[in-house]
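Peer 1: Here's my sequence, what's the structure:
(chains A and B)
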There are 2 protein chains.
Amino acid sequence: MKLHGYFRSSASYRVRIALNLKGLRVEHLPHHIPRGEQREPGYLAVNPQGLIPALQDDSGEILTQSLAIIEWLDETHREPPLLPKDPLRRARVRAFALAIACDIHPVQNTKVLVRLRQLGLKEEQVTDWARWTIREGFAACEKLVAGEPGPFCFGAAPTIADLCLVPQLANARRFGVDVQAFPRLLQAEAAAKAMPAFADAAPDRQPDAE
Amino acid sequence: MKLHGYFRSSASYRVRIALNLKGLRVEHLPHHIPRGEQREPGYLAVNPQGLIPALQDDSGEILTQSLAIIEWLDETHREPPLLPKDPLRRARVRAFALAIACDIHPVQNTKVLVRLRQLGLKEEQVTDWARWTIREGFAACEKLVAGEPGPFCFGAAPTIADLCLVPQLANARRFGVDVQAFPRLLQAEAAAKAMPAFADAAPDRQPDAE
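Peer 2: Residues are numbered from 1 along each chain as shown, chains lettered A, B, ... in the order given. Modelled structure (predicted):
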């Protein structure tokens, strides 16, 4: 399989963790987002959305959208499972993942920040936008797992929730958000980062890291 | 079951369609978003994210995030299925749904537009922001289903993709986007709207419609 990604992209980071947890080796095909390489015709033929990641399976089929890719990996490679078995527990885990993947990440990603700058906002206002988005989102996430047993977001093993959390915490620090306000999220991150599957997926461990 | 929602919220609209398709009757508990009722303490106790929809099941358990709710409904009420059986097809359907739920809707929702106004942008710039987001997203969505058999997004029956598409098309028209540029999406919408499950879920058919 081949993974079209970018070392710093948190959506790519989620998929890298999933692949590592499933013990799958892939060829990494980096696309430099700040230089706009994801909008080149060659890549738009792979993913018309012009977004990374995209996963190409061994028969050449292309999958897009990190959460759809991860659910597919989980359905086609069952061990270790990335979702609980109980439907209600699955819904809780997915809701946490979506609270990051829908309500935090797209509102603070590069594309949106570029548009804010184009509208004449100052760099300080753009950074504040990203920080506010992450802080507000994490405050809700902290409550969503407050009553859950640790050390991971939802119990003793990592789930899709942790796959979304760890990359979003990396973004948070990059924007200077004070993450100490979210102790339960940090507990989950610490448990995750102790696993090679998470550690090896970190941005600074990728071949295209700058 | 009880559904916390708002007639015009497209995330609530998605869940209303799913409930109708599954033949489930629920009590509707409207929260007026423009008046900020979703941020009142009583509702924050239901959903700490302060977002609608939230579904309360018969045992009092609360589910949040529209796509997590819909996947739960699909896992606990199997007929009619809202996802294909084949993993690769499921991934395609989910990717389309996420292209709307992650990349269009959160970037043009009320919360973001309010923040843009607070930063001093003019009403015209705010509307342009929403239109641009929807147009760019729909252009990709149109390509994602270009090779798919109709009349729905992915074949002869509605899936989660159509549940996301129909409400987003309603938003598009509200912002004055020229939707004629997306004939394949309109074909799917026409097929969907011919079904009572979709028609009855429309914003103007809800008890809190204004």
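Peer 1: Show me what the longest helix anywhere in chain A is packed against.
Peer 2: With secondary structure taken from DSSP state H, chain A has its longest helix at helix A:123-144. Counting contacts by 3 or more CB pairs under 8 Å, 6 or more residues apart in numbering or on different chains; DSSP states H and E, helix A:123-144 is packed against helix A:87-101, helix A:105-108, helix A:110-118, helix A:160-174, helix A:183-193. In short, each C-beta sits where N, CA and C put it, glycine included.
Peer 1: so how far is that helix off the chain centroid?
Peer 2: 16 Å (CA atoms, centre = their mean, to the nearest Å).
Peer 1: Give me the average confidence score over it.
Peer 2: Across helix A:123-144, the average pLDDT comes to 97.
Peer 1: Stretch A:49-60 now?
Peer 2: Mean pLDDT, computed over stretch A:49-60, is 94.
Peer 1: Which of the helices or strands spans the residue in chain A sticking out farthest from the centre?
Peer 2: The centre of chain A is farthest from one residue, A:G120, which by CA atoms, centre = their mean lies 28.8 Å away. Assigned by DSSP states H and E, A:G120 belongs to no helix or strand.
Peer 1: Relative to B:T127, how far out is it?
Peer 2: Relative to B:T127, A:G120 is positioned 17 Å away (CB to CB, to the nearest Å).
Peer 1: got it, and A:L44?
Peer 2: Distance of A:L44 to B:T127, given as CB to CB: 27 Å.
Peer 1: again, but for A:M1
Peer 2: Noted for A:M1: a distance of 42 Å to B:T127, by CB to CB.
Peer 1: quick one, domains of chain A?
Peer 2: Domain assignment for chain A by automatic domain parsing gives A:2-80, A:87-197.
Peer 1: outside of stretch A:191-201, which residues touch it?
Peer 2: A:13, A:16-17, A:19-21, A:150-152, A:158, A:162, A:165-166, A:205 (CB atoms under 8 Å, 6 or more residues apart in numbering or on different chains).
Peer 1: What residues of the lowest-mean-pLDDT helix or strand in chain A count as buried?
Peer 2: Within chain A, confidence by mean pLDDT, DSSP states H and E is lowest for helix A:41-46 among all helices and strands, at a mean of 91. Residues A:Y43, A:V46 are the ones in helix A:41-46 that count as buried (16 or more other CB atoms under 10 Å in any protein chain shown).
Peer 1: ok, and does the helix or strand that it is followed by reach over to chain B?
Peer 2: On the C-terminal side of helix A:41-46, the closest following helix or strand by DSSP H and E is strand A:54-56. No - residues of strand A:54-56 are not located near chain B by CB under 8 Å from any CB of the partner chain, the shortest gap being 9.1 Å.
Peer 1: chain center to strand A:54-56, what's the gap?
Peer 2: Computed by CA atoms, centre = their mean, the separation of strand A:54-56 from the middle of its chain amounts to 15 Å.
Peer 1: What of stretch A:193-205?
Peer 2: Distance of stretch A:193-205 from the chain centroid (CA atoms, centre = their mean) equals 13 Å.
Peer 1: Quick one: end-to-end length of that stretch, please.
Peer 2: 13 Å (CA to CA, to the nearest Å).
Peer 1: And the contacts of stretch A:191-201, which is closest to B:E136?
Peer 2: Nearest to B:E136 among these is A:Y13, at 23.7 Å by CB to CB.
Peer 1: So that closest one versus A:P48, what's the distance?
Peer 2: For A:Y13 relative to A:P48 (CB to CB), the value is 23 Å.
Peer 1: what's the answer for A:A194, then?
Peer 2: 39 Å.
Peer 1: More neighbours: these two, which one.
Peer 2: Shown here are A:A194 and A:P48; by other CB atoms under 10 Å in any protein chain shown, A:P48 has more neighbours (17 against 10).
Peer 1: Spatially nearest residue to the more buried one, not counting backbone neighbours?
Peer 2: Closest residue to A:P48 apart from its sequence neighbours, by CB to CB, 6 or more residues apart in numbering or on different chains: B:K143 at 3.7 Å.
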